[in-house]
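Novice: Quick one: sequence plus predicted model below, questions after.
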Amino acid sequence: MAFLQLNKDLEKLTSSAKLSDVIPDIDKILDLLTKARETVAAANDPHTTSLTLTKLQNPIREGLDGLLHNDLKHVHKAQNEFSKSVKNAFSKTKGSIPADHDPMIDHESLINRAVAMHLLREGQFGVATTFINEAHEQAVAEHGAHAEVNPFTSPRFLTQADTIITDADISSDLSAFQSQALQSSFAEMYSILSSLKARYLIPAIHWARQNCLELEARGSNLEFELCKLQFIWLFKGPAVNGLPDTIDNGVQGALKYARETFGRFQHRHLREIEQLSCALVYASNMTTSPYVSIFDISRAFEEVAASFTREFCSLLGLSAESPLYVAATAGTLALPQLVKYTSKTRAKGTEWTTVNELAFETPLPRSMMYHSIFVCPVSKEQTTEDNPPMILPCGHVLARESLEKLVKGTRYKCPYCPYEGAFKDSKEIIL
């Protein structure tokens, strides 16, 4: 799991080693130089100028030494440590994988779709437009002006007014896709995420309220979680939230907000509302109260932003994460073992002949495990789309091919219990 460790080291680098940390020290040096210049200009005296420059030498030297030996040294050290982590992660991947067969070579339109969708999801609308135009020009150059071109990579993709369809319904040509609507939707999403990053919850709450019926149908608590966080944010007061010190802020503002907002959530979140209300009694000593964990919002804004992104994409019919990002990350995690396996099979002169499965377990994190698998207890083989799992009326599950081998005439006996039944009584399990 070298790449998982590499990802942790990258997060450590980006959070601790920042060149922006040197800005205060640089500002101090600039302030010293500015004051010295003003003093010299105001005095207009050679003796004063010499004395001012002499006094300036030590503070400037100390400031630069601190800048070089503390701030920049810390950044340089963190970069060196991350460089070692990169070398350690990639040094374990020795060998190569076969390049004589590319399964995606005949699916250029799918690759273009994945790349363009990723750019749109990331808010890179200008880059997405350029990519679509250039992909279209390349297709015309390779196949001729009268060739059938993927509409997704043609300029018409940018202006057509068809209806958006969900990711599961999108065909390879994406003829029903509509980029302007997608761009507008993702622009709204990134605008709200920017507000959440700035600790401003109102735009997200308005969006959740506008889509409350769809969210409730999905069983989502996003609207309440946003309102709950807004209540706590107001409760913290102007010293923490930086909002104006008015009647709408602080404990009084939080109580007023609760009276205006929480009534519509009582049927689903009554207990949580009661806890928030009772916490007001402990406003003066919240750190020692039974509700201190509820009012700890050190990661609340990051978590609610992730929930908002997930629900926003779900209402568009899309996954919360970019499929291209997930595929690339999963491939990167699996690559070392795939290279190792390929090297060993080459050395032994053997090869894996099963098309739909690998010879080893891919070390993916739980967040990337989307589909359940089933291994038939009779054949000891993993089920596939052509050989799906079948559940018997007695509750036991076998692969279809194993069940077919057990059938004599039209009936079979379960290999794990006395039950006997007909093949038509078994049902396919959708994983």
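Specialist: Here it is on my side, so go on.
Novice: Can you show me the CA trace of the host helix or strand of residue 135 as PDB?
Specialist: Secondary-structure assignment from DSSP states H and E places residue 135 in helix 125-143. As requested, C-alpha coordinates have been extracted for helix 125-143 and formatted as PDB (Å, rounded to 0.1, in the frame of the first residue of the first chain):
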ATOM      1  CA  PHE A 125     -14.900  24.700 -18.200                       C
ATOM      2  CA  GLY A 126     -12.400  26.500 -20.500                       C
ATOM      3  CA  VAL A 127     -10.100  23.500 -20.600                       C
ATOM      4  CA  ALA A 128     -13.000  21.200 -21.300                       C
ATOM      5  CA  THR A 129     -14.100  23.400 -24.200                       C
ATOM      6  CA  THR A 130     -10.600  23.400 -25.700                       C
ATOM      7  CA  PHE A 131     -10.300  19.600 -25.200                       C
ATOM      8  CA  ILE A 132     -13.600  19.000 -27.000                       C
ATOM      9  CA  ASN A 133     -12.700  21.200 -29.900                       C
ATOM     10  CA  GLU A 134      -9.300  19.700 -30.300                       C
ATOM     11  CA  ALA A 135     -10.600  16.100 -30.100                       C
ATOM     12  CA  HIS A 136     -13.100  17.000 -32.800                       C
ATOM     13  CA  GLU A 137     -10.400  18.400 -35.000                       C
ATOM     14  CA  GLN A 138      -8.200  15.400 -34.500                       C
ATOM     15  CA  ALA A 139     -11.100  13.000 -35.400                       C
ATOM     16  CA  VAL A 140     -11.900  15.000 -38.600                       C
ATOM     17  CA  ALA A 141      -8.200  14.900 -39.600                       C
ATOM     18  CA  GLU A 142      -7.900  11.200 -39.000                       C
ATOM     19  CA  HIS A 143     -11.300  10.100 -40.500                       C
END
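Novice: pLDDT of it, averaged?
Specialist: Per-residue pLDDT values across helix 125-143 average out to 79.
Novice: Pull the residues that contact stretch 212-230.
Specialist: Contacts of stretch 212-230 from elsewhere in the structure, counted by C-beta atoms under 8 Å, 6 or more residues apart in numbering, are 201-202, 204-205, 208-209, 257, 261-262, 265, 268-269, 272, 276, 297, 300-301, 304, 307-308, 311, 314-315. From N, CA and C alone the C-beta is placed, and that goes for glycine too.
Novice: CA atoms only: put the lowest-mean-pLDDT helix or strand in the chain into PDB for me.
Specialist: Within the chain, no helix or strand scores below helix 2-16, which has a mean of 74 by mean pLDDT, DSSP states H and E. Included here for helix 2-16 are C-alpha records, laid out as PDB according to Å, rounded to 0.1, in the frame of the first residue of the first chain:
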ATOM      1  CA  ALA A   2       2.900   2.300  -0.800                       C
ATOM      2  CA  PHE A   3       0.700   4.700  -2.800                       C
ATOM      3  CA  LEU A   4      -1.700   5.100   0.100                       C
ATOM      4  CA  GLN A   5       1.200   6.100   2.300                       C
ATOM      5  CA  LEU A   6       2.400   8.400  -0.500                       C
ATOM      6  CA  ASN A   7      -1.000  10.100  -0.500                       C
ATOM      7  CA  LYS A   8      -0.800  10.600   3.300                       C
ATOM      8  CA  ASP A   9       2.700  12.100   2.900                       C
ATOM      9  CA  LEU A  10       1.400  14.500   0.200                       C
ATOM     10  CA  GLU A  11      -1.400  15.700   2.500                       C
ATOM     11  CA  LYS A  12       1.200  16.300   5.200                       C
ATOM     12  CA  LEU A  13       3.400  18.300   2.800                       C
ATOM     13  CA  THR A  14       0.500  20.500   1.600                       C
ATOM     14  CA  SER A  15      -0.700  21.100   5.100                       C
ATOM     15  CA  SER A  16       2.600  21.800   6.900                       C
END
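Novice: ok, back up a step: any buried residues in the helix holding residue 135, and which?
Specialist: Within helix 125-143, the residues that count as buried by 16 or more other C-beta atoms under 10 Å are 125, 128, 129, 131, 132, 135, 136, 139.
Novice: now the helix or strand just after it against helix 125-143, angle please.
Specialist: In the C-terminal direction, the helix or strand that comes right after helix 125-143 (DSSP H and E) is helix 179-197. Angular relation of helix 179-197 and helix 125-143 on a 0 to 180 degree scale: 150 degrees, by axes from the mean of the first three to the mean of the last three C-alpha atoms, to 10 degrees.
Novice: Report pLDDT for residue 423.
Specialist: With respect to pLDDT, residue 423 scores 87.
Novice: heads up, I number from 42, so please use that
Specialist: Right, with 42 as the first residue, what we last looked at is residue 464.
Novice: tell me the contacts of it?
Specialist: If a contact means C-beta under 8 Å, 6+ apart, then residue 464 has 444, 445, 448, 451, 452, 453 as its contacts.
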